[in-house]
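Colleague: fold the following, please.
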Amino acid sequence: MREKQPNDTNIKKLINTGTIDPYTSFWGAVKTQYIKDQYNEPIVENNALSSLYPTRFSEASSSKIIIGGMTKDIEAYYDSDGSYLAGKSTTIITSDKYNLKPLTALLNSSVCTFIAKDHKGMELAGGYLKIGPPLIKDIPVASGLLIEKDQENELTKIVDELEMLNSNKIKFEKIWKEWCKKLSVKGKDLFSILDDDHTEISRGKDDDAWFKDAKYYPSTGKAELEKEYDEFNFDIDFGDQKIIFTDSSMTEIFFIKFKDLESLSHIYLSLIETKESGKRVSSLKELLEKTTIPLVTPNYNKNTKNIVAKTIADFQNIKDNNSPDNIIEIINKIKELSAEADYKIITLYDLDKEQASTVLDSMSVTNNYKLKILNKFNS
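Modeller: Model prediction:
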């Protein structure tokens, strides 16, 4: 295994649990940890792989589902053209008979993780699952999920679109990081920016504030900001243009509401960078203090939007035709389609609304996502 070079061909990309999310490959977007080393774009040459491990090469060259190992929810990615070599921590599914896309939707569904957590001996400390062939083989497959290899249905189309959208989301993030480096002349922590905003609002200068509203500000919510949590997650309310901060149980603990999508996009991506950096944070105050927002001065609350504007302009040249232009719209579409796939899986297992609610209550999903699914029973 080695790093990919510009002219490399006839290779397999190495993917492992750390570079898999539902419907997503992070190969080349985040570092791959392999034993004690880290790689940006790890590859294995086809000739070497086929010579040393012919069976593994044959599996890698097939269309397949790649499933992450020890995770809290089952996470699966569909490799349509055999581009990836799955690392040893993963499980793969291949088939000469069936279309694997509906099974990818099943594996990424709330129903599947619910079944896995109920499987004897498979739930580990900290809520993690021991994911491997013994568990995967025991997951019951509804007959409606088994379609011939050359057939399509609504789930196959949803899986295609979700993998396209997640790929475009990664492309957007990469371009945004490049424009941050080109345009940003300084950075400021989010805690200070919130404090500055509150000062302007207190002076009656709402137009000079970057944000429209926040659950509380540094000078008014000191006790709440210093409360400790074991985990932070971020959800987007597209309609209200706000970022919702949640704890490990997906309960809302904080929000910031924005005046426009550009500012929302910029702050959201900065928060994601902080989370992915591995910085240790135990309180909202620490999270906000350790989140550095790249700024374009002077008048950063207006000029910084240029970073996202430039990102969108470049992204339009490389994105798939069916992808929205802005990352927040992409994320919203991903949530809508994920909820639709989840609902279809739920109905294939003949669960009613009350049973679906029980399943979703046991999952790490936000209340907004849960309602997206349950409201479909009324339509």
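Colleague: give the residue spans of this protein that score low on pLDDT.
Modeller: 120-122 (pLDDT under 70).
Colleague: what about 80?
Modeller: 120-127, 184-185, 208, 379 (pLDDT under 80).
Colleague: residue furthest from the geometric center of it?
Modeller: Arg203 (38.9 Å; Cα atoms, centre = their mean).
Colleague: what sits against that one?
Modeller: Arg203 makes no contacts at all, as judged by Cβ atoms under 8 Å, 6 or more residues apart in numbering. Using the backbone N, CA and C atoms, a C-beta is placed for each residue, glycine as well.
Colleague: stretch 210-217: how far from the chain's middle?
Modeller: 25 Å (Cα atoms, centre = their mean, to the nearest Å).
Colleague: how far does that stretch stretch from start to finish?
Modeller: 13 Å (Cα to Cα, to the nearest Å).
Colleague: same check on stretch 176-189?
Modeller: 18 Å.
Colleague: quick check: buried residues in that stretch?
Modeller: 176, 179-180, 183-184, 188-189 (16 or more other Cβ atoms under 10 Å).
Colleague: got it, and stretch 278-293?
Modeller: Buried, per 16+ other Cβ under 10 Å, within stretch 278-293: 281, 284-289, 291-293.
Colleague: just give me the closest of the residues you listed to Asn47.
Modeller: Closest approach to Asn47 among the buried residues of stretch 278-293 (Cβ to Cβ): Thr292, at 44.7 Å.
Colleague: who does the closest residue to that closest one other than its chain neighbours bridge with?
Modeller: Using Cβ to Cβ, 6 or more residues apart in numbering and skipping the chain neighbours, the partner closest in space to Thr292 is Gly187 (4.2 Å). Counting by DSSP bridges, Gly187 is bridged to Pro294.
Colleague: going forward, count from 22.
Modeller: Let's use 22 as the start, then, which means that last one is Gly208.
Colleague: distance check, Gly208 against Asp335.
Modeller: Separation of Gly208 from Asp335 (Cβ to Cβ, to the nearest Å): 21 Å.
Colleague: then Lys93?
Modeller: 35 Å.
Colleague: and Leu372, by the same measure?
Modeller: 44 Å.
Colleague: what about the closest residue in space to Leu305 that isn't next to it in sequence, how many neighbours?
Modeller: Of all residues not flanking Leu305 in the chain, Leu246 sits nearest, at 4.7 Å (Cβ to Cβ, 6+ apart). Neighbour count for Leu246, taken as other Cβ atoms under 10 Å: 22.
Colleague: and for the one 5 residues further on?
Modeller: Using other Cβ under 10 Å, Asp251 has 9 neighbouring residues.
Colleague: mind listing what the residue lying closest to it once chain neighbours are set aside touches?
Modeller: Once flanking residues are discounted, Asp251 sits nearest to Ser269: 5.4 Å by Cβ to Cβ, 6+ apart. Contacts for Ser269 were tallied using Cβ under 8 Å, 6+ apart; they are 250-252, 254, 385.
Colleague: write a PyMOL command that selects only the buried members of those residues.
Modeller: Of the contacts of Ser269, the buried ones can be selected in PyMOL as follows, counting by 16+ other Cβ under 10 Å:
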select buried, resi 250+254+385
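Colleague: for this structure, which strand is longest?
Modeller: strand 273-279 (DSSP state E).
Colleague: can I get the next helix or strand after that one in PDB, CA atoms only?
Modeller: As assigned by DSSP states H and E, the chain's next helix or strand after strand 273-279 is helix 282-298. Taking C-alpha atoms only, helix 282-298 is exported to PDB below (Å, rounded to 0.1, in the frame of the first residue of the first chain):
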ATOM      1  CA  LEU A 282     -27.400  30.900   3.600                       C
ATOM      2  CA  GLU A 283     -23.900  32.100   3.000                       C
ATOM      3  CA  SER A 284     -23.200  32.900   6.600                       C
ATOM      4  CA  LEU A 285     -25.000  29.700   7.700                       C
ATOM      5  CA  SER A 286     -22.800  27.700   5.300                       C
ATOM      6  CA  HIS A 287     -19.600  29.300   6.500                       C
ATOM      7  CA  ILE A 288     -20.200  28.800  10.200                       C
ATOM      8  CA  TYR A 289     -21.500  25.300   9.800                       C
ATOM      9  CA  LEU A 290     -18.400  24.300   7.800                       C
ATOM     10  CA  SER A 291     -16.100  25.900  10.400                       C
ATOM     11  CA  LEU A 292     -17.900  23.900  13.200                       C
ATOM     12  CA  ILE A 293     -17.500  20.600  11.200                       C
ATOM     13  CA  GLU A 294     -13.800  21.400  10.900                       C
ATOM     14  CA  THR A 295     -13.500  21.700  14.600                       C
ATOM     15  CA  LYS A 296     -15.300  18.400  15.200                       C
ATOM     16  CA  GLU A 297     -13.200  16.600  12.600                       C
ATOM     17  CA  SER A 298     -10.000  18.000  14.100                       C
END
